[in-house]
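**Q** pasting the structure only:
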């Protein structure tokens with residue numbers, strides 16, 4: 001039986017290369033499937049080489065000094081560009097995402113994860129270049145992280161269930177286009193500028209709330225697309241279809257009359273066999289159901305071609321819900337939408353130093369998850 005107050009028995013430190021390998025071997029026990037442990041480690045090696053990760057990633061481990069080869073508990077932290085509005089307009093800040101949390105089964109419910117994460121909080125709070133807030137995406141126990149100071153945030157998603165419909169990829173037109181990385185980078189710059197303006201425009205009576213958002217940068221988009229591309233390649237190899245499919249990462253729809261535009265980029269999740277919308281953007285906050293329906297239709301076609309049965313949108317706007325309803329009506333064959341609270345992957349927010357503030361995350365779409 002471990003004694004929780006014997007802190008000197010346990011060592012917390014930034015992981016060595018060998019410990020990083022062990023960290024992901026441990027994580028693979030829970031999160032690798034359907035990938036092999038080798039493929040799972042390879043995936044994370046590739047992610048560590050992306051622009052969003054280089055110089056922005058740290059791995060933290062806890063081990064018994066008498067058995068240093070055994071990593072008891074560990075996690076990853078990513079530094080992210082972010083912004084806040086405390087009632088005086090948008091201010092760029094730094095944030096951290098805490099992820100890949102794993103504790104060996106024999107050490108669970110013995111305070112090891114609590115000890116590790118408390119040390120991680122202290123580390124983040126003491127960084128010279130201030131980290132304004134951190135986000136941790138919970139599994140099925142957000143109340144556990146809430147007890148440590150990461151407050152669970154509202155977490156809704158819209159599931160577009162394709163049903164038995166076989167959705168063909170629509171032909172490109174002047175208004176509807178497939179989107180690849182170069183175009184997504186261009187659109188991403190526009191997205192960041194709009195996100196800054198929209199956050200700046202949030203006002204609350206008495207200026208008592210602080211709104212926070214992870215920036216939807218092109219670096220973060222590329223991180224997701226690298227991850228998605230590797231997973232998609234593994235999926236197609238396992239299906240043994242022998243087909244070579246183009247690398248489609250998203251779609252755009254533009255109304256030539258009004259000049260308004262909507263776009264999405266997506267990621268593939270083999271574990272749940274879902275297509276996640278990493279980011280859905282529209283140049284207006286209402287009246288764009290037609291354009292959004294078209295890009296969601298592209299996403300549904302991508303999902304259908306891969307044998308996935310759902311497209312998932314986090315934190316859908318009203319016009320997105322309406323657009324999805326139009327889409328499933330068109331698809332027929334049992335297609336439907338489900339809007340509900342998410343049972344997992346719930347974002348939990350902690351302000352610098354554990355400060356208590358009114359407010360929270362806004363526009364927390366899937367792109368922020370790591």
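**A** Alright, I've got the coordinates. Just so it is clear, the model here is predicted, and its values are computed rather than measured.

**Q** if I look at residue 36, how far off is residue 237?
**A** The gap separating residue 36 from residue 237 is 12 Å, by Cβ to Cβ, to the nearest Å. Where C-beta positions appear, they are placed from N, C-alpha and C, glycine not excepted.

**Q** Neighbour count for those two, which is higher?
**A** Between residue 36 and residue 237, residue 36 has the larger neighbour count (other Cβ atoms under 10 Å), namely 12 against 9.

**Q** Just after the top helix by length along the chain, pick out the following helix or strand.
**A** Longest helix in the chain by number of residues (criterion: DSSP state H): helix 218-239. Downstream of helix 218-239, the next assigned helix or strand under DSSP states H and E is strand 250-254.

**Q** and the angle for that next one with helix 218-239?
**A** Angle, strand 250-254 to helix 218-239, by axes from the mean of the first three to the mean of the last three Cα atoms, to 10 degrees: 120 degrees.

**Q** which residues are contacting strand 250-254?
**A** 175-179, 183-184, 187, 260-266, 290-292, 294-295, 298-299 (Cβ atoms under 8 Å, 6 or more residues apart in numbering).

**Q** Which ones among those residues lie within helices?
**A** The helices, defined by DSSP H, take in 183, 184, 187, 290, 291, 292, 294, 295, 298, 299 from the contacts of strand 250-254.

**Q** residues in contact with residue 102?
**A** Residue 102 neighbours (Cβ under 8 Å, 6+ apart): 23, 26, 27, 29, 30, 73, 74, 75.

**Q** can you tell me how far the fifth one sits from residue 100?
**A** It refers to residue 30. Counting by Cβ to Cβ, the gap from residue 30 to residue 100 is 10 Å.

**Q** neighbour-wise, which of these two wins?
**A** Neighbour count, other Cβ under 10 Å: between residue 30 and residue 100, residue 100 has more, with 19 against 12.

**Q** quick one: contacts for that one?
**A** 23, 24, 27, 31, 74, 75, 76.

**Q** how about the residues you listed in JSON lines, adding distance to residue 129?
**A** JSON lines is the format used below for the contacts of residue 100 (distance: Cβ to Cβ, whole Å):
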{"residue": "23", "distance to residue 129": "25"}
{"residue": "24", "distance to residue 129": "27"}
{"residue": "27", "distance to residue 129": "28"}
{"residue": "31", "distance to residue 129": "30"}
{"residue": "74", "distance to residue 129": "24"}
{"residue": "75", "distance to residue 129": "20"}
{"residue": "76", "distance to residue 129": "19"}
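
**Q** picking up where we left off before, hmm, which of the contacts of residue 102 are the buried ones?
**A** Using 16 or more other Cβ atoms under 10 Å as the burial test, the contacts of residue 102 include 23, 26, 27, 73, 74, 75 as buried.

**Q** Just the ones in strands from those residues, please.
**A** When these are checked against strands (DSSP state E), the matches are 73, 74, 75.

**Q** Between those residues, which sits nearest residue 344?
**A** residue 75 (17.0 Å; Cβ to Cβ).

**Q** List the residues that contact the closest one.
**A** So residue 75 contacts 59, 60, 98, 99, 100, 101, 102, 116, 117, 120 (Cβ under 8 Å, 6+ apart).

**Q** now residue 163
**A** Taking Cβ under 8 Å, 6+ apart as the test, what residue 163 contacts is 309, 331, 333, 334, 335, 336.

**Q** Distance of it relative to residue 335?
**A** 4 Å.

**Q** Same question for residue 31.
**A** For residue 31 relative to residue 335 (Cβ to Cβ), the value is 30 Å.

**Q** coming back round to it: any of the contacts of strand 250-254 buried? List them.
**A** Here, 16+ other Cβ under 10 Å leaves 176-179, 183-184, 187, 260-266, 291-292, 294-295, 298-299 buried among those.

**Q** now the helices: where do they sit in the protein?
**A** Using DSSP H, helices in the chain cover 17-31, 37-48, 112-126, 142-147, 181-200, 218-239, 289-305, 318-331.

**Q** what about the stretch 151-300 of the chain, any weak spots by pLDDT?
**A** 204-207, 238-247 (pLDDT under 70).

**Q** at 90 instead, please
**A** Confidence mapping of the stretch 151-300 of the chain against pLDDT under 90 gives the ranges 163-166, 171, 180-182, 202-208, 231-248, 270-272.

**Q** what sits opposite residue 341 in the beta ladder?
**A** Residues in a beta bridge with residue 341, per DSSP bridges, are residue 156.

**Q** That one contacts residue 153, correct?
**A** No: contact criterion Cβ atoms under 8 Å: residue 341 and residue 153 do not qualify, at 11.4 Å.

**Q** if you count what's nearby, which of the two comes out ahead?
**A** Comparing residue 341 with residue 153 by other Cβ under 10 Å, the one with more neighbours is residue 153, at 17 against 9.

**Q** show me the contacts for the more buried one.
**A** 346, 347, 348, 349, 360, 361, 364.

**Q** swap the cut-off to 7 Å and go again
**A** Neighbour list for residue 153: 347, 348, 349, 360, 361, 364 [criterion: Cβ atoms under 7 Å, 6 or more residues apart in numbering].
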